[in-house]
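Undergrad: pasting the sequence and the predicted model now:
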Amino acid sequence: MATRRNVTSKGLPEISSKSPLKALSDDLTDMRAHMALVLREWEKDNSMVYFEAVPRSIPEEYKIKKGLMMMKPDEFSLE
């Protein structure tokens, strides 16, 4: 959970001393630490199964350009 770079970007707003979110500051710190631990453990488990490190970024040539449809859509009709 990253802190926003500006007002329109994704993430949590910065918590100043006068912010109404100040009461949640300790909880947000704990949540960020927990999420980092979960990610670290997931990457460790994944590396043990697949014997490869989890990549930090995907090369442009491997990124999917369009969405991928796994199934042909079927029209629904109520009988």
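TA: Arrived safely, thanks for sending.

Undergrad: show me where this protein has its helices.
TA: For the chain, the helices defined by DSSP state H occupy 25-50.

Undergrad: mind checking how far Tyr62 is from Ala23?
TA: Computed as CB to CB, to the nearest Å, the Tyr62 to Ala23 distance reads 43 Å. Quick note: C-beta positions are derived from backbone N, CA and C, even for glycine.

Undergrad: ok, now Ala53?
TA: Spatial separation of Ala53 from Ala23 under the definition CB to CB is 39 Å.

Undergrad: check Thr8 too.
TA: 25 Å.

Undergrad: quick one, which of those two is more surrounded?
TA: It is Ala23, of Thr8 and Ala23, that has more neighbours when counted by other CB atoms under 10 Å, with 9 against 6.

Undergrad: what's near enough to touch that one?
TA: Taking CB atoms under 8 Å, 6 or more residues apart in numbering as the contact definition, Ala23 lies against nothing.

Undergrad: from now on call the first residue 525
TA: Yes, from this point I'll number from 525; that puts the last item at Ala547.

Undergrad: what pLDDT does it get?
TA: As predicted, Ala547 sits at a pLDDT of 87.
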